[in-house]
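Asker: here is a sequence with its predicted model. Questions after.
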Amino acid sequence: GENVEQHPSTLSVQEGDSAVIKCTYSDSASNYFPWYKQELGKRPQLIIDIRSNVGEKKDQRIAVTLNKTAKHFSLHITETQPEDSAVYFCAASPGNQFYFGTGTSLTVIP
Amino acid sequence: ETGVTQTPRHLVMGMTNKKSLKCEQHLGHNAMYWYKQSAKKPLELMFVYSLEERVENNSVPSRFSPECPNSSHLFLHLHTLQPEDSALYLCASSQAVGFNYGYTFGSGTRLTVV
(Lines give C-alpha, C1' and ligand atoms only; values in the text may rest on other atoms or scores of the structure.)
Protein backbone atom coordinates (compact mmCIF):
# COMPACT_ATOMS: atom_id res chain seq x y z
CA GLY A 1 0.00 0.00 0.00
CA GLU A 2 0.89 3.66 0.02
CA ASN A 3 3.40 5.01 2.53
CA VAL A 4 3.52 8.72 3.29
CA GLU A 5 6.40 10.30 5.19
CA GLN A 6 6.25 13.84 6.51
CA HIS A 7 9.03 16.15 7.71
CA PRO A 8 9.76 17.89 9.94
CA SER A 9 7.70 16.69 12.88
CA THR A 10 8.04 20.07 14.60
CA LEU A 11 8.78 23.48 13.13
CA SER A 12 9.15 26.88 14.78
CA VAL A 13 9.33 30.08 12.76
CA GLN A 14 9.27 33.77 13.54
CA GLU A 15 6.14 35.62 12.61
CA GLY A 16 6.43 36.86 9.05
CA ASP A 17 8.84 34.16 7.98
CA SER A 18 7.98 31.29 5.64
CA ALA A 19 7.34 27.70 6.64
CA VAL A 20 7.80 24.64 4.45
CA ILE A 21 6.57 21.13 5.20
CA LYS A 22 7.55 18.23 2.97
CA CYS A 23 5.95 14.87 2.28
CA THR A 24 7.00 11.91 0.20
CA TYR A 25 4.85 9.08 -1.05
CA SER A 26 5.55 5.65 -2.47
CA ASP A 27 2.62 4.68 -4.69
CA SER A 28 2.88 6.15 -8.19
CA ALA A 29 -0.87 5.60 -8.55
CA SER A 30 -1.57 8.34 -5.98
CA ASN A 31 -3.18 11.24 -7.78
CA TYR A 32 -4.68 13.46 -5.10
CA PHE A 33 -2.80 15.21 -2.30
CA PRO A 34 -4.73 17.18 0.33
CA TRP A 35 -3.33 19.10 3.27
CA TYR A 36 -5.17 19.40 6.57
CA LYS A 37 -4.69 21.85 9.42
CA GLN A 38 -5.62 20.79 12.95
CA GLU A 39 -5.65 23.44 15.63
CA LEU A 40 -5.36 22.32 19.23
CA GLY A 41 -8.53 20.54 20.32
CA LYS A 42 -10.21 21.01 16.95
CA ARG A 43 -11.00 18.91 13.93
CA PRO A 44 -8.65 18.58 10.94
CA GLN A 45 -9.73 20.96 8.19
CA LEU A 46 -8.81 20.86 4.53
CA ILE A 47 -6.74 23.91 3.65
CA ILE A 48 -5.49 23.13 0.16
CA ASP A 49 -5.22 20.20 -2.21
CA ILE A 50 -3.53 19.36 -5.47
CA ARG A 51 -4.15 16.78 -8.15
CA SER A 52 -1.49 14.97 -10.10
CA ASN A 53 -2.10 16.87 -13.33
CA VAL A 54 -0.97 20.12 -11.67
CA GLY A 55 2.50 21.05 -10.43
CA GLU A 56 1.64 23.95 -8.16
CA LYS A 57 -1.40 25.55 -6.59
CA LYS A 58 -1.68 28.76 -4.57
CA ASP A 59 -4.33 30.16 -2.28
CA GLN A 60 -3.32 33.48 -0.75
CA ARG A 61 -0.44 32.75 1.65
CA ILE A 62 -0.57 29.00 1.13
CA ALA A 63 0.89 27.07 -1.79
CA VAL A 64 1.44 23.41 -2.54
CA THR A 65 3.93 21.99 -5.02
CA LEU A 66 4.00 18.49 -6.44
CA ASN A 67 6.88 16.62 -8.07
CA LYS A 68 5.44 13.42 -9.46
CA THR A 69 8.77 12.13 -10.70
CA ALA A 70 10.37 12.39 -7.29
CA LYS A 71 7.11 11.51 -5.52
CA HIS A 72 7.15 14.41 -3.16
CA PHE A 73 4.91 17.36 -2.41
CA SER A 74 5.31 20.34 -0.14
CA LEU A 75 3.24 22.91 1.69
CA HIS A 76 4.52 26.47 1.72
CA ILE A 77 3.14 29.12 4.06
CA THR A 78 4.41 32.65 3.54
CA GLU A 79 4.19 35.64 5.90
CA THR A 80 3.30 33.33 8.78
CA GLN A 81 1.00 34.57 11.52
CA PRO A 82 0.40 33.26 15.06
CA GLU A 83 -2.93 31.81 13.95
CA ASP A 84 -1.05 29.54 11.57
CA SER A 85 0.18 27.61 14.63
CA ALA A 86 -1.32 24.12 14.36
CA VAL A 87 -0.55 20.57 13.33
CA TYR A 88 -0.48 20.09 9.56
CA PHE A 89 -1.11 16.71 7.93
CA CYS A 90 -0.39 15.75 4.37
CA ALA A 91 -2.15 12.86 2.66
CA ALA A 92 -1.91 10.94 -0.59
CA SER A 93 -4.70 9.05 -2.27
CA PRO A 94 -4.59 6.55 -5.14
CA GLY A 95 -8.37 6.80 -5.22
CA ASN A 96 -9.66 4.37 -2.64
CA GLN A 97 -8.54 5.92 0.61
CA PHE A 98 -6.28 8.57 2.08
CA TYR A 99 -2.90 7.75 3.56
CA PHE A 100 -1.81 10.39 6.04
CA GLY A 101 1.58 11.61 7.16
CA THR A 102 2.47 11.77 10.84
CA GLY A 103 1.88 15.51 11.08
CA THR A 104 4.00 18.61 11.59
CA SER A 105 3.49 20.77 14.63
CA LEU A 106 4.05 24.36 13.47
CA THR A 107 4.61 27.13 16.01
CA VAL A 108 4.71 30.72 14.84
CA ILE A 109 6.52 32.89 17.37
CA PRO A 110 5.17 36.45 17.62
CA GLU B 1 -23.13 22.60 14.67
CA THR B 2 -23.15 21.90 10.97
CA GLY B 3 -21.15 19.46 8.90
CA VAL B 4 -20.04 16.39 10.82
CA THR B 5 -21.08 16.05 14.45
CA GLN B 6 -19.59 13.56 16.88
CA THR B 7 -20.78 12.64 20.35
CA PRO B 8 -19.65 12.38 23.02
CA ARG B 9 -16.66 14.74 22.89
CA HIS B 10 -14.97 12.95 25.76
CA LEU B 11 -15.41 9.43 27.08
CA VAL B 12 -13.74 7.57 29.93
CA MET B 13 -14.51 3.87 30.12
CA GLY B 14 -13.31 0.86 31.99
CA MET B 15 -11.93 -2.15 30.21
CA THR B 16 -15.10 -4.14 30.82
CA ASN B 17 -17.54 -1.43 29.74
CA LYS B 18 -19.55 -1.22 26.55
CA LYS B 19 -20.03 2.18 24.96
CA SER B 20 -20.82 3.65 21.56
CA LEU B 21 -19.51 6.62 19.63
CA LYS B 22 -21.89 8.45 17.34
CA CYS B 23 -21.27 10.40 14.16
CA GLU B 24 -23.79 12.32 12.11
CA GLN B 25 -23.23 14.23 8.89
CA HIS B 26 -25.51 16.87 7.44
CA LEU B 27 -23.72 17.26 4.12
CA GLY B 28 -25.50 14.74 1.94
CA HIS B 29 -22.30 12.75 1.60
CA ASN B 30 -22.38 9.07 0.66
CA ALA B 31 -19.17 7.92 2.34
CA MET B 32 -18.27 7.91 6.03
CA TYR B 33 -15.10 6.90 7.81
CA TRP B 34 -13.71 6.14 11.26
CA TYR B 35 -10.13 7.18 11.97
CA LYS B 36 -8.01 6.71 15.07
CA GLN B 37 -5.59 9.51 15.96
CA SER B 38 -2.83 8.61 18.41
CA ALA B 39 0.09 10.81 19.40
CA LYS B 40 3.03 10.74 16.99
CA LYS B 41 1.30 8.34 14.59
CA PRO B 42 -0.42 8.90 11.25
CA LEU B 43 -4.16 9.03 11.21
CA GLU B 44 -5.18 5.36 11.06
CA LEU B 45 -8.12 4.44 8.90
CA MET B 46 -10.37 1.96 10.68
CA PHE B 47 -13.54 1.58 8.63
CA VAL B 48 -15.07 2.92 5.44
CA TYR B 49 -18.76 2.92 4.61
CA SER B 50 -20.25 3.75 1.26
CA LEU B 51 -24.02 4.10 1.11
CA GLU B 52 -24.34 2.20 4.40
CA GLU B 53 -22.23 -0.69 3.15
CA ARG B 54 -18.86 -1.42 4.72
CA VAL B 55 -16.22 -1.34 2.01
CA GLU B 56 -13.05 -1.31 4.06
CA ASN B 57 -11.96 -2.80 7.35
CA ASN B 58 -8.30 -2.18 8.03
CA SER B 59 -7.54 -5.15 10.27
CA VAL B 60 -9.28 -3.57 13.22
CA PRO B 61 -9.73 -5.75 16.34
CA SER B 62 -13.21 -7.11 16.86
CA ARG B 63 -13.60 -5.11 20.08
CA PHE B 64 -14.42 -2.23 17.68
CA SER B 65 -17.70 -2.80 15.87
CA PRO B 66 -19.03 -0.23 13.38
CA GLU B 67 -22.62 0.29 12.39
CA CYS B 68 -24.05 2.46 9.64
CA PRO B 69 -27.86 2.43 9.75
CA ASN B 70 -28.17 5.07 7.01
CA SER B 71 -25.89 7.32 5.00
CA SER B 72 -26.10 10.12 7.59
CA HIS B 73 -25.22 8.16 10.72
CA LEU B 74 -22.24 6.10 11.75
CA PHE B 75 -21.60 4.41 15.08
CA LEU B 76 -18.58 2.77 16.62
CA HIS B 77 -19.48 0.24 19.30
CA LEU B 78 -16.76 -0.43 21.85
CA HIS B 79 -16.38 -3.36 24.22
CA THR B 80 -13.59 -4.83 26.34
CA LEU B 81 -11.13 -2.19 25.19
CA GLN B 82 -7.48 -2.01 26.18
CA PRO B 83 -5.58 1.02 27.55
CA GLU B 84 -3.71 1.30 24.23
CA ASP B 85 -7.05 2.02 22.58
CA SER B 86 -7.05 5.42 24.27
CA ALA B 87 -6.96 7.96 21.44
CA LEU B 88 -8.94 10.56 19.55
CA TYR B 89 -11.50 8.88 17.30
CA LEU B 90 -12.39 10.96 14.29
CA CYS B 91 -15.32 10.52 11.99
CA ALA B 92 -15.16 11.93 8.48
CA SER B 93 -17.38 12.03 5.43
CA SER B 94 -16.85 12.67 1.74
CA GLN B 95 -19.02 12.86 -1.33
CA ALA B 96 -18.14 9.32 -2.33
CA VAL B 97 -15.48 6.66 -1.97
CA GLY B 98 -13.13 6.42 -4.89
CA PHE B 99 -13.51 10.05 -5.85
CA ASN B 100 -10.83 12.34 -4.61
CA TYR B 101 -12.64 14.97 -2.67
CA GLY B 102 -11.42 16.28 0.61
CA TYR B 103 -12.83 14.88 3.79
CA THR B 104 -14.92 16.79 6.27
CA PHE B 105 -13.92 15.71 9.74
CA GLY B 106 -15.89 15.76 12.96
CA SER B 107 -14.39 17.19 16.13
CA GLY B 108 -13.63 13.74 17.44
CA THR B 109 -14.25 11.78 20.60
CA ARG B 110 -11.37 11.75 23.08
CA LEU B 111 -11.46 8.21 24.50
CA THR B 112 -9.62 7.19 27.63
CA VAL B 113 -9.62 3.54 28.64
CA VAL B 114 -8.83 2.96 32.30
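Answerer: Cool, the structure landed. Since we're looking at a predicted model, the values are computed, not measured. Numbers count the residues shown, from 1 in each chain, chains lettered A, B, ... in the order given.
Asker: contacting residues around residue A:38?
Answerer: With contact set as C-beta atoms under 8 Å, 6 or more residues apart in numbering or on different chains, residue A:38 has these partners: A:44-45, A:86-89, A:103. Using the backbone N, CA and C atoms, a C-beta is placed for each residue, glycine as well.
Asker: for chain B, what's the nearest residue on chain A?
Answerer: residue A:32 (3.4 Å; C-beta to the nearest C-beta).
Asker: check that residue and give its pLDDT.
Answerer: For residue A:32, the model assigns a pLDDT of 92.
Asker: was I right to think it contacts residue A:51?
Answerer: Yes - with contact defined as C-beta atoms under 8 Å, residue A:32 reaches residue A:51; the gap is 5.5 Å.
Asker: count of neighbours near residue B:69?
Answerer: Residue neighbour count, defined by other C-beta atoms under 10 Å in any protein chain shown, stands at 9 for residue B:69.
Asker: can you check residue A:29 too?
Answerer: With other C-beta under 10 Å as criterion, residue A:29 counts 12.
Asker: distance of it from residue A:95?
Answerer: For residue A:29, the distance to residue A:95 equals 7 Å [C-beta to C-beta, to the nearest Å].
Asker: who are the packing partners of the least confident helix or strand in chain A by mean pLDDT?
Answerer: In chain A, no helix or strand scores lower on mean pLDDT, DSSP states H and E than strand A:99-100, which sits at a mean of 91. The helices and strands touching strand A:99-100, judged by 3 or more C-beta pairs under 8 Å, 6 or more residues apart in numbering or on different chains; DSSP states H and E, are strand A:86-92.
Asker: neighbouring strands of the strand it packs on in the sheet, and parallel or not?
Answerer: In the sheet, strand A:86-92 lines up against strand A:32-38 (antiparallel), strand A:99-100 (antiparallel), strand A:104-109 (antiparallel) (DSSP bridges).
Asker: what is the rounded mean pLDDT of that strand?
Answerer: On average, strand A:86-92 scores 95.
Asker: with stretch A:16-24 instead?
Answerer: In this model, stretch A:16-24 carries a mean pLDDT of 98.
Asker: which positions within that stretch qualify as buried?
Answerer: A:19-24 (16 or more other C-beta atoms under 10 Å in any protein chain shown).
Asker: could you list the low-pLDDT ranges of chain B?
Answerer: Low-confidence segments of chain B, defined by pLDDT under 70: B:1-2, B:98-100.
Asker: please name the residues that touch residue B:105.
Answerer: By C-beta under 8 Å, 6+ apart, the neighbours of residue B:105 are A:36, A:43-45, B:4, B:35, B:90-92.
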